[in-house]
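Asks: Predicted model, plus sequence, below.
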Amino acid sequence: MLHTDEGLSMSFDLYVWHEPAAITAELARTKLERWAEGDTDVFPPHPAVPLMRDALLERFPALESLSDDDIDAGVWSVTPQTSDSLLALSCVWSRADEVAAAVRCLAADHGLVCYEPGYHILDPNAAGHVPEFTLTSATLPTVPDPDQRRVEWTIGKLGSDNHFAILQRADEWYAQVGYGDQVGAPAGTYVLEYREGSADRHFHTHTRDIVEATRFLQEFLAGTENWKRRHLWQPLTAQ
(Lines give C-alpha, C1' and ligand atoms only; values in the text may rest on other atoms or scores of the structure.)
Protein backbone atom coordinates (compact mmCIF):
# COMPACT_ATOMS: atom_id res chain seq x y z
CA MET A 1 0.00 0.00 0.00
CA LEU A 2 1.26 3.47 -0.85
CA HIS A 3 0.67 5.72 2.18
CA THR A 4 0.09 9.40 1.37
CA ASP A 5 -0.83 10.73 4.81
CA GLU A 6 1.21 10.14 7.94
CA GLY A 7 -1.98 9.99 9.99
CA LEU A 8 -3.17 6.88 8.10
CA SER A 9 -0.20 4.71 8.99
CA MET A 10 1.61 3.62 12.14
CA SER A 11 4.86 3.59 10.16
CA PHE A 12 6.98 6.12 8.31
CA ASP A 13 7.46 5.25 4.65
CA LEU A 14 10.11 6.12 2.07
CA TYR A 15 10.65 4.86 -1.48
CA VAL A 16 14.00 4.78 -3.28
CA TRP A 17 14.81 4.02 -6.92
CA HIS A 18 16.93 5.14 -9.86
CA GLU A 19 16.02 7.80 -12.41
CA PRO A 20 18.23 8.67 -15.39
CA ALA A 21 17.23 12.35 -15.06
CA ALA A 22 15.62 14.61 -12.49
CA ILE A 23 11.86 14.18 -11.99
CA THR A 24 9.19 16.07 -10.08
CA ALA A 25 7.41 14.99 -6.91
CA GLU A 26 4.16 14.75 -8.90
CA LEU A 27 5.69 12.30 -11.35
CA ALA A 28 7.22 10.31 -8.49
CA ARG A 29 3.81 9.93 -6.86
CA THR A 30 2.22 8.93 -10.18
CA LYS A 31 4.85 6.25 -10.76
CA LEU A 32 4.36 4.85 -7.27
CA GLU A 33 0.60 4.76 -7.73
CA ARG A 34 1.10 2.76 -10.94
CA TRP A 35 3.47 0.43 -9.08
CA ALA A 36 0.93 -0.03 -6.27
CA GLU A 37 -1.65 -0.99 -8.91
CA GLY A 38 0.63 -3.74 -10.22
CA ASP A 39 2.74 -2.03 -12.91
CA THR A 40 6.13 -3.40 -11.86
CA ASP A 41 7.79 -2.22 -15.09
CA VAL A 42 7.52 1.43 -14.01
CA PHE A 43 10.81 1.06 -12.10
CA PRO A 44 13.55 -0.53 -14.26
CA PRO A 45 16.30 -2.47 -12.45
CA HIS A 46 19.49 -0.68 -11.51
CA PRO A 47 22.57 -2.09 -9.72
CA ALA A 48 22.67 0.75 -7.19
CA VAL A 49 19.34 -0.30 -5.66
CA PRO A 50 20.44 -3.62 -4.08
CA LEU A 51 23.75 -2.05 -3.10
CA MET A 52 21.90 0.62 -1.16
CA ARG A 53 19.72 -2.00 0.53
CA ASP A 54 22.85 -3.82 1.68
CA ALA A 55 24.35 -0.59 3.04
CA LEU A 56 21.09 0.29 4.79
CA LEU A 57 20.81 -3.11 6.48
CA GLU A 58 24.40 -2.85 7.66
CA ARG A 59 23.36 0.26 9.57
CA PHE A 60 19.88 -0.88 10.57
CA PRO A 61 19.80 -4.69 10.78
CA ALA A 62 16.93 -6.77 9.41
CA LEU A 63 14.32 -7.72 12.00
CA GLU A 64 15.01 -11.40 11.33
CA SER A 65 18.62 -10.97 12.44
CA LEU A 66 17.71 -9.56 15.86
CA SER A 67 17.33 -11.65 19.00
CA ASP A 68 14.17 -11.56 21.06
CA ASP A 69 15.96 -9.28 23.52
CA ASP A 70 17.00 -6.84 20.78
CA ILE A 71 13.87 -6.80 18.66
CA ASP A 72 12.49 -3.65 20.32
CA ALA A 73 15.64 -1.79 19.28
CA GLY A 74 14.98 -2.46 15.60
CA VAL A 75 13.88 0.39 13.33
CA TRP A 76 11.89 -1.48 10.70
CA SER A 77 8.17 -2.08 10.69
CA VAL A 78 8.92 -4.59 7.93
CA THR A 79 12.42 -5.54 6.79
CA PRO A 80 13.04 -4.02 3.32
CA GLN A 81 12.54 -6.69 0.68
CA THR A 82 15.30 -7.64 -1.74
CA SER A 83 14.86 -5.69 -4.98
CA ASP A 84 16.93 -4.46 -7.91
CA SER A 85 14.40 -1.78 -8.88
CA LEU A 86 12.60 -0.23 -5.87
CA LEU A 87 13.19 -0.07 -2.14
CA ALA A 88 9.95 0.29 -0.19
CA LEU A 89 11.09 1.29 3.29
CA SER A 90 8.83 1.31 6.34
CA CYS A 91 10.17 2.19 9.79
CA VAL A 92 8.67 2.82 13.22
CA TRP A 93 7.68 6.43 13.92
CA SER A 94 9.95 6.75 16.95
CA ARG A 95 13.00 6.31 14.69
CA ALA A 96 11.67 8.16 11.63
CA ASP A 97 14.01 11.16 11.78
CA GLU A 98 17.11 9.01 12.20
CA VAL A 99 16.17 6.56 9.46
CA ALA A 100 15.04 9.27 7.02
CA ALA A 101 18.34 11.13 7.39
CA ALA A 102 20.30 7.94 6.75
CA VAL A 103 18.16 6.92 3.78
CA ARG A 104 18.47 10.33 2.12
CA CYS A 105 22.22 10.36 2.63
CA LEU A 106 22.66 6.84 1.24
CA ALA A 107 20.33 7.60 -1.68
CA ALA A 108 22.46 10.61 -2.59
CA ASP A 109 25.65 8.52 -2.30
CA HIS A 110 24.18 5.90 -4.64
CA GLY A 111 22.66 8.36 -7.11
CA LEU A 112 19.08 7.34 -6.31
CA VAL A 113 15.94 9.40 -5.83
CA CYS A 114 14.12 9.27 -2.50
CA TYR A 115 10.40 10.01 -2.20
CA GLU A 116 8.50 10.52 1.06
CA PRO A 117 4.74 10.38 0.37
CA GLY A 118 3.53 11.71 3.73
CA TYR A 119 4.88 15.20 3.02
CA HIS A 120 5.04 14.62 -0.77
CA ILE A 121 8.78 15.37 -0.86
CA LEU A 122 11.22 14.17 -3.49
CA ASP A 123 15.01 14.29 -3.12
CA PRO A 124 16.05 14.25 -6.80
CA ASN A 125 19.56 12.85 -6.64
CA ALA A 126 20.02 12.33 -10.36
CA ALA A 127 23.59 12.99 -11.39
CA GLY A 128 24.31 16.69 -11.75
CA HIS A 129 20.92 17.84 -10.46
CA VAL A 130 20.90 21.02 -8.37
CA PRO A 131 17.51 22.23 -7.09
CA GLU A 132 16.57 25.59 -8.56
CA PHE A 133 14.81 26.45 -5.30
CA THR A 134 14.88 24.94 -1.80
CA LEU A 135 12.14 25.54 0.78
CA THR A 136 13.17 25.35 4.44
CA SER A 137 11.24 26.01 7.64
CA ALA A 138 11.86 25.72 11.37
CA THR A 139 10.19 22.34 11.96
CA LEU A 140 9.13 20.88 8.58
CA PRO A 141 11.29 18.82 6.21
CA THR A 142 13.39 20.67 3.65
CA VAL A 143 11.79 20.53 0.19
CA PRO A 144 13.91 20.74 -2.97
CA ASP A 145 12.12 22.24 -5.98
CA PRO A 146 8.80 22.97 -4.21
CA ASP A 147 5.67 23.79 -6.18
CA GLN A 148 3.17 26.59 -5.54
CA ARG A 149 0.93 24.34 -3.44
CA ARG A 150 3.81 23.33 -1.20
CA VAL A 151 4.63 27.00 -0.59
CA GLU A 152 1.00 27.71 0.33
CA TRP A 153 0.86 24.67 2.63
CA THR A 154 4.08 25.67 4.38
CA ILE A 155 2.95 29.24 5.04
CA GLY A 156 -0.27 27.83 6.45
CA LYS A 157 1.80 25.84 8.97
CA LEU A 158 3.64 28.88 10.37
CA GLY A 159 3.11 29.46 14.07
CA SER A 160 4.86 29.84 17.39
CA ASP A 161 7.13 26.82 16.83
CA ASN A 162 7.42 26.77 13.05
CA HIS A 163 8.23 30.47 12.95
CA PHE A 164 9.86 30.92 9.53
CA ALA A 165 9.86 29.69 5.93
CA ILE A 166 12.78 30.43 3.61
CA LEU A 167 12.72 29.96 -0.15
CA GLN A 168 16.32 30.01 -1.39
CA ARG A 169 17.30 30.13 -5.04
CA ALA A 170 20.32 28.22 -6.37
CA ASP A 171 22.31 31.48 -6.55
CA GLU A 172 21.60 31.94 -2.80
CA TRP A 173 19.18 34.83 -3.24
CA TYR A 174 16.23 34.20 -0.97
CA ALA A 175 12.81 35.30 0.22
CA GLN A 176 11.61 34.62 3.76
CA VAL A 177 8.42 34.84 5.79
CA GLY A 178 8.64 34.99 9.59
CA TYR A 179 5.84 34.81 12.14
CA GLY A 180 5.48 35.30 15.88
CA ASP A 181 7.54 36.32 18.88
CA GLN A 182 10.71 34.56 17.74
CA VAL A 183 11.04 36.95 14.78
CA GLY A 184 9.94 39.97 16.82
CA ALA A 185 6.58 40.26 15.06
CA PRO A 186 3.40 41.51 16.77
CA ALA A 187 0.59 38.99 17.11
CA GLY A 188 -0.93 38.06 13.76
CA THR A 189 1.85 39.73 11.76
CA TYR A 190 4.06 38.22 9.07
CA VAL A 191 7.55 39.63 8.49
CA LEU A 192 8.61 39.48 4.83
CA GLU A 193 12.28 39.60 3.89
CA TYR A 194 14.34 39.21 0.75
CA ARG A 195 18.05 39.30 0.09
CA GLU A 196 19.74 39.62 -3.29
CA GLY A 197 23.34 38.73 -2.66
CA SER A 198 25.21 41.22 -0.43
CA ALA A 199 24.00 42.59 2.91
CA ASP A 200 23.15 45.98 1.41
CA ARG A 201 20.49 44.22 -0.72
CA HIS A 202 18.61 42.85 2.31
CA PHE A 203 15.12 44.31 2.84
CA HIS A 204 12.05 43.68 4.96
CA THR A 205 8.45 44.70 5.46
CA HIS A 206 5.39 43.22 7.17
CA THR A 207 1.78 42.27 6.55
CA ARG A 208 -1.13 40.85 8.53
CA ASP A 209 -2.50 39.09 5.45
CA ILE A 210 -1.56 35.40 5.12
CA VAL A 211 -2.67 35.48 1.48
CA GLU A 212 -0.16 38.24 0.79
CA ALA A 213 2.60 36.41 2.69
CA THR A 214 1.93 33.34 0.57
CA ARG A 215 1.77 35.34 -2.64
CA PHE A 216 5.16 36.88 -1.86
CA LEU A 217 6.94 33.50 -1.81
CA GLN A 218 4.94 32.12 -4.71
CA GLU A 219 5.88 35.04 -6.94
CA PHE A 220 9.52 34.77 -5.92
CA LEU A 221 9.34 31.10 -6.90
CA ALA A 222 7.76 32.03 -10.24
CA GLY A 223 10.50 34.57 -10.98
CA THR A 224 8.22 37.62 -11.03
CA GLU A 225 8.85 40.79 -9.01
CA ASN A 226 5.32 42.13 -8.53
CA TRP A 227 5.85 41.74 -4.78
CA LYS A 228 8.51 44.46 -4.86
CA ARG A 229 5.95 47.00 -6.07
CA ARG A 230 3.18 46.05 -3.65
CA HIS A 231 5.11 46.83 -0.47
CA LEU A 232 7.23 49.55 1.06
CA TRP A 233 10.53 47.79 1.71
CA GLN A 234 13.05 48.97 4.27
CA PRO A 235 16.75 48.04 4.38
CA LEU A 236 17.22 45.46 7.12
CA THR A 237 20.54 47.02 8.13
CA ALA A 238 18.63 50.18 9.10
CA GLN A 239 17.19 48.47 12.20
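Replies: Now that the structure is in, tell me what you want to look at.

Asks: pLDDT weak spots in the chain?
Replies: 1-10, 124-129, 238-239 (pLDDT under 70).

Asks: what ranges do the helices span in it?
Replies: Counting by DSSP state H, residue ranges of the helices within the chain are 25-36, 48-59, 96-109, 148-156, 210-222, 226-230.

Asks: Run through the strands of the chain in chain order.
Replies: Counting by DSSP state E, the segments of the chain that form strands are 11-17, 76-78, 86-92, 113-116, 121-123, 133-137, 143-144, 164-169, 174-179, 190-195, 202-207, 234-235.

Asks: who does the last one pair up with?
Replies: Take DSSP bridges as the rule and strand 234-235 pairs in its sheet with strand 202-207 (antiparallel).

Asks: Mind listing residues that contact the partner strand?
Replies: For strand 202-207, contacts defined as CB atoms under 8 Å, 6 or more residues apart in numbering pick out 185, 189-196, 213, 231-237. All C-beta spots, glycine's among them, are computed from the backbone N, C-alpha and C.

Asks: Just the buried ones among those, please.
Replies: Listed as buried from those are 185, 189-195, 213, 231, 233; burial here means 16 or more other CB atoms under 10 Å.

Asks: Contact partners for the residue sitting nearest the centre point of the chain?
Replies: For the chain, Val143 is the residue whose C-alpha lies nearest the centre (CA atoms, centre = their mean; 3.1 Å). By CB under 8 Å, 6+ apart, Val143 lies in contact with 119, 121, 134-136, 150, 154.

Asks: of all these, which two lie farthest apart?
Replies: Put simply, by CB to CB the two of the contacts of Val143 set farthest apart are Tyr119 and Thr134, 14.4 Å from each other.

Asks: Would you mind telling me which of those two has the busier surroundings?
Replies: Between Tyr119 and Thr134, counting by other CB atoms under 10 Å, Thr134 is the more crowded of the two (17 against 14).

Asks: Run a quick neighbour tally on the nearest residue to Ser11 once chain neighbours are set aside.
Replies: Using CB to CB, 6 or more residues apart in numbering and skipping residues adjacent in sequence, the residue nearest Ser11 is Ser77, 4.0 Å away. Look at Ser77: counted by other CB under 10 Å, it has 17 neighbours.

Asks: likewise Cys91?
Replies: 23.

Asks: Would you check how far apart it and Val99 are?
Replies: From Cys91 across to Val99, the span is 4 Å (CB to CB, to the nearest Å).

Asks: Report the set of residues contacting both of the two.
Replies: Common neighbours of Cys91 and Val99 (CB under 8 Å, 6+ apart) are 12, 14, 60, 75.

Asks: The second one and Ala96 touch, don't they?
Replies: No. Under the criterion of CB atoms under 8 Å, Leu14 makes no contact with Ala96, lying 9.2 Å away.

Asks: Please say which of those two ends up with more neighbours.
Replies: In terms of neighbours (other CB under 10 Å), Leu14 is the more surrounded of Leu14 and Ala96; the figures are 23 against 18.

Asks: Phi and psi next, for Pro44.
Replies: When quoted as degrees, to the nearest 10, the phi and psi of Pro44 stand at phi -70, psi 150.

Asks: ok, it - contacts?
Replies: Here Pro44 is in contact with 18, 85 (CB under 8 Å, 6+ apart).
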